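> Structure for this input, please:
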Amino acid sequence: MKNTANNFELPCLDQRKSFYDKARVIVSDDGTRTLQSYNTAVCKLDANGHFVRLWSGYSATTMRHINSFLRFYGADGGGKTWWDAQKVG
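Numbers count the residues shown, from 1 in each chain. The predicted model follows:
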């Protein structure tokens, strides 16, 4: 998938080189930023920066994507214990 103004590959912000296009950010016209991991919408930051969990599952790789997404946008949170405490909205 190519990068567009509203869709781009999430930068990898841990020690690894890249997510190899398996983590993408979709930016909606209203300013909502949704993280897509392996073609699944897993979470989002609304236009006001509020975090919303969209996916009830867990995987270590997707958690890496979520952690980088939060760091990229300067949002609080991260890690499995934190993720497990979030309600699916």
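
> how about the helices in the chain?
Here the chain has its helices, by DSSP state H, at 60-72, 80-85.

> Point out the one among these that comes closest to D29.
D29 lies closest, by CB to CB, to one member of the helices of the chain: helix 60-72, at 19.4 Å. Backbone N, C-alpha and C define where each C-beta goes, glycine included.

> which residues sit against the closest one?
Contact with helix 60-72 is made by 10-14, 16, 19, 22-23, 25, 33, 35, 37-38, 42-43, 51, 55, 75-80, 83, as judged by CB atoms under 8 Å, 6 or more residues apart in numbering.

> buried subset of those residues?
Buried members of those, scored by 16 or more other CB atoms under 10 Å, are 10, 12, 19, 22-23, 25, 33, 35, 37, 42-43, 51, 55, 77-78, 83.

> and G78, what does it touch?
Contacts of G78 by CB under 8 Å, 6+ apart are 66-67, 70-71.

> what's the nearest residue to V42 if we skip its chain neighbours?
W55 (4.1 Å; CB to CB, 6 or more residues apart in numbering).

> distance of that neighbour from K44?
Relative to K44, W55 is positioned 10 Å away (CB to CB, to the nearest Å).

> which stretches of this structure have low pLDDT?
By pLDDT under 70, the weakly predicted segments of the chain are 1-5.

> please redo it, this time with the cut-off set to 90
1-5, 13-18 (pLDDT under 90).

> hey, what's the residue nearest to the spatial centre of it bridged with?
Among the residues of the chain, the one closest to the centroid is L35, at 3.3 Å (CA atoms, centre = their mean). Beta bridges link L35 to V25, C43 when assigned by DSSP bridges.
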